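Trainee: Sequence first, then the predicted structure, then my questions.
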Amino acid sequence: MLQTDTSTLLPRLLTILVTLSGVALLCWQARQLYLQMTRLPAASAAETTRSPADPQRLQRLFGAAGNNTEARLPGVTLLGCIVAANPAQSQALLHIDGMGTLTVVSGDAFLPGTRVERIGSDHLMFSRRGASGRLEFDRRPPVMAPTVPVQP
């Protein structure tokens, strides 16, 4: 019979075992990465924080309350919104008659008893004496100055 040298058998078996374990681990990690990439994107923070009684949804269903004077802000115009990934860092630019232009973030009080609740890409949600409201961009077209023809 042929005799074989078994002194190198154990190191070879260990090498094969470690290599197979590494390949199995890499395959498992690749599968986990694939599953993460194929899942639907997570809902944005604004969508996950909405409650079933969200005023915006109720307003779309039932219309705006015409007699709620507390939710109106006469003399306040929304000029611009900057929405950040972190809602606490979003900013809005307001023009308040008699006060000028003001930059506000969520939680700021910009009129007595009026506080910014949330800033969206085209609106600002505020609360005033327990009532909530929505301030949007002015939808009227800008007034253009008449052009005067230049005479040579």
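Mentor: Yes, it's here.
Trainee: Going by C-alpha atoms from here, please, whenever you check contacts or count neighbours.
Mentor: OK.
Trainee: So which elements touch the lengthiest helix in the chain?
Mentor: Using DSSP state H, we find that the single longest helix of the chain is helix 9-38. Using 3 or more Cα pairs under 8 Å, 6 or more residues apart in numbering; DSSP states H and E as the contact criterion, helix 9-38 has no neighbours among helices and strands.
Trainee: so what's the backbone phi/psi at the nearest residue to V83 once chain neighbours are set aside?
Mentor: Nearest residue to V83, sequence neighbours excluded (Cα to Cα, 6 or more residues apart in numbering): S90, at 4.5 Å. The phi/psi pair for S90 (degrees, to the nearest 10) reads phi -70, psi 150.
Trainee: quick one: contacts for S90?
Mentor: Contact analysis of S90 by Cα atoms under 8 Å, 6 or more residues apart in numbering lists C81, I82, V83, A84, V105, S106, I119.
Trainee: again, but for T103
Mentor: T103 makes contact with Q91, A92, L93, L94 under the criterion Cα under 8 Å, 6+ apart.
Trainee: again with P87
Mentor: For P87, the contact set (Cα under 8 Å, 6+ apart) comprises S106, R118, I119.
Trainee: repeat for Q91
Mentor: With contacts defined as Cα under 8 Å, 6+ apart, the neighbours of Q91 are C81, I82, V83, T103, V104, V105, S106, I119.
Trainee: let's see 10 Å
Mentor: Taking Cα atoms under 10 Å, 6 or more residues apart in numbering as the definition of contact, the neighbours of Q91 are 80-84, 103-106, 118-121, 124.
Trainee: for V105, same thing?
Mentor: 81-82, 87-93, 115-119, 124.
Trainee: Swap in 6 Å and give it another go.
Mentor: Applying Cα atoms under 6 Å, 6 or more residues apart in numbering to V105 gives the contacts S90, Q91.
Trainee: can I get the contacts of P87 in CSV with neighbour count, secondary structure and distance to V18?
Mentor: As requested, the contacts of P87 are exported to CSV (neighbours: other Cα atoms under 10 Å; DSSP: H, G, I helix; E, B strand; the rest coil; distance: Cα to Cα, whole Å):
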residue, neighbour count, secondary structure, distance to V18
S106, 19, coil, 55
R118, 21, strand, 55
I119, 25, strand, 55
